[in-house]
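Engineer: Below is the sequence, then the predicted model.
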Amino acid sequence: MDWASNRKRTVYFWGVVLAIPVLILIWIFRPEEGFIHWLYPLFILLCVSWAWRLFHKAKLESIEREVVATTAAFFTIKLGYYFFWGDLTKNWVEIESTYWVMAFLMILLYIIFDARRGLIYSLALFVMTLALGLFRLGSEIALGQHREEFLAFVRSEMRLFAMTGLLYTLAIIKDQLADAHRQVLQMHALARTDPLTGLPNRLALSEVLEEASQHMFGLYVVLLDIDHFKQINDRYGHDVGDQVLKEVGRRLRSSLRKGDMLGRWGGEEFMIVMRGESQHDVLAAVERLREDIAFWPFDQVGAVSASFGVAEGHIGDSIHNLLERADKALYQAKHLGRNRVELSPA
């Protein structure tokens, strides 16, 4: 579960928890009103259910939709009740407060849904409240009755309609900003990803090394080069050579320890950035990587091996020196017959 979902869940939970005592107090102190007396206990039980499910990590999307649908239905019924039951003038405080709940509900719609669906559902709320008000006040205003209430009704409807347009505009801007942010993240990832193997490329590895240089002790850089790769390309073609590169990357990635980083340094050369307290354990892990490449034959080309050069970082060391020692160790592994692991002297 991501950070945004956790934050939404927390906000929803405390919002529902704080609403429960408010609803209970209204129900206790205003039992004479039929709507409150009969329907508020049901709504309180629903709020308790939502709080319980939010606390126990139930699916957030289903709770959101249930809350919105139930709340919209509940307060639409409440609006209709106070429009048509009892004295309209005395009921207007409740009607006005219900309009504010509808405005809050519109905000919630745009939080939960995308801009298009938020607009559709907000307009549906607007149309329902408009229809209820016109049905109740339309004929009476023609007779000169409830003019103040009608003006208040018009103001409330205009406020809802304005909010619908404003929220839709803000939602469109939010969606555009989110799309732009995603594109930036994609471009950032593409700039740091090798397109053939899908591994981090030289730029990404360089950034990791730069960050790791703050703590050189226990840092290991491993350079590996596929043995006789030029002969593979010359004999089988570059397409087969590309498949070998991808398969080497796949085998290395599947065998890495947690916390190690693998990338393609360039050509047929890969790099692994590792950390370890024991030189013996690091060399054993690199040896397993070598075996994973050499043990199983590759499609079309048969046996493939790689040579590994390992350099250990020390306090006061530099990344340049570390890479230089790893490269010399790799050259030594090639010189001594290939398909082996060599550790650079300190």
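Structural biologist: It's in.

Engineer: The longest helix belonging to the chain: how far from the chain's middle?
Structural biologist: Determined from DSSP state H, the single longest helix within the chain is helix 147-191. What separates the centre of helix 147-191 from the centre of its chain is 21 Å, taken as C-alpha atoms, centre = their mean, to the nearest Å.

Engineer: packing partners for that helix?
Structural biologist: Under the contact definition 3 or more C-beta pairs under 8 Å, 6 or more residues apart in numbering; DSSP states H and E, helix 147-191 sits against helix 88-112, helix 115-142. The C-beta positions use only the backbone N, C-alpha and C, and glycine is treated the same way.

Engineer: Redo those helices as TSV? Include distance to Val286 and mean pLDDT.
Structural biologist: TSV is the format used below for the helices and strands packed on helix 147-191 (distance: least, C-beta to C-beta, whole Å; pLDDT from 0 to 100):
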stretch	distance to Val286	mean pLDDT
helix 88-112	50	92
helix 115-142	52	90
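
Engineer: returning to what we had before: just want the angle from the longest helix of the chain to helix 88-112.
Structural biologist: Taking axes from the mean of the first three to the mean of the last three C-alpha atoms, to 10 degrees, one finds that helix 147-191 is oriented at 10 degrees with respect to helix 88-112.

Engineer: Using CSV, write out the CA atom coordinates for the helix or strand that helix 147-191 is followed by.
Structural biologist: Sequence-wise, the next helix or strand downstream of helix 147-191 (DSSP states H and E) is helix 202-212. Written as CSV, here are the backbone C-alpha positions of helix 202-212 (Å, rounded to 0.1, in the frame of the first residue of the first chain):
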residue,chain,number,x,y,z
ARG,A,202,26.1,3.9,-17.0
LEU,A,203,24.4,7.1,-15.9
ALA,A,204,22.3,5.4,-13.2
LEU,A,205,25.3,3.4,-12.0
SER,A,206,27.5,6.6,-11.9
GLU,A,207,24.8,8.3,-9.7
VAL,A,208,24.7,5.3,-7.3
LEU,A,209,28.5,5.3,-7.1
GLU,A,210,28.6,9.0,-6.4
GLU,A,211,26.1,8.5,-3.5
ALA,A,212,27.9,5.4,-2.3
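
Engineer: buried stuff in helix 202-212?
Structural biologist: 204-206, 208-209, 212 (16 or more other C-beta atoms under 10 Å).

Engineer: tell me what it is packed against?
Structural biologist: Using 3+ C-beta pairs under 8 Å, 6+ apart as the contact criterion, the secondary-structure elements in contact with helix 202-212 are strand 261-266, strand 269-275, helix 319-335.

Engineer: Let's have these in TSV, adding distance to Glu157, mean neighbour count and mean pLDDT.
Structural biologist: Conversion of the helices and strands packed on helix 202-212 to TSV gives the following (distance: least, C-beta to C-beta, whole Å; neighbours: other C-beta atoms under 10 Å; pLDDT from 0 to 100):
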stretch	distance to Glu157	mean neighbour count	mean pLDDT
strand 261-266	59	20	95
strand 269-275	63	21	97
helix 319-335	66	18	96
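
Engineer: Switch those over to JSON lines; also include distance to Thr89.
Structural biologist: Converted to JSON lines, those look like this (distance: least, C-beta to C-beta, whole Å):
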{"stretch": "strand 261-266", "distance to Thr89": "72"}
{"stretch": "strand 269-275", "distance to Thr89": "75"}
{"stretch": "helix 319-335", "distance to Thr89": "79"}
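
Engineer: out of these, which comes closest to Lys8?
Structural biologist: Minimum separation from Lys8 across those (C-beta to C-beta) falls at strand 261-266, 32.3 Å.

Engineer: chain center to that closest one: distance?
Structural biologist: Remark: strand 261-266 is offset 27 Å from the chain centroid, using C-alpha atoms, centre = their mean.

Engineer: in its sheet, what does that strand sit against?
Structural biologist: Here strand 261-266 is paired, per DSSP bridges, with strand 269-275 (antiparallel).

Engineer: what's whatever helix or strand comes next after the partner strand in contact with?
Structural biologist: Next helix or strand after strand 269-275 toward the C-terminus (DSSP H and E): helix 279-295. Taking contacts as C-beta atoms under 8 Å, 6 or more residues apart in numbering, the residues outside helix 279-295 that touch it are 220, 222, 224, 248, 251-252, 254-257, 260, 272, 274, 276, 303-306, 308, 310, 312, 339-341, 343.

Engineer: Are any of those buried, and if so which?
Structural biologist: Under a neighbour-count criterion of 16+ other C-beta under 10 Å, the subset of those counted as buried comprises 220, 222, 224, 248, 251-252, 255, 260, 272, 274, 276, 304, 306, 308, 310, 312, 339-341, 343.

Engineer: Out of these, name the ones that lie in strands.
Structural biologist: Within the buried ones among the contacts of helix 279-295, residues falling in strands by DSSP state E are 220, 222, 224, 272, 274, 306, 308, 310, 312, 341, 343.
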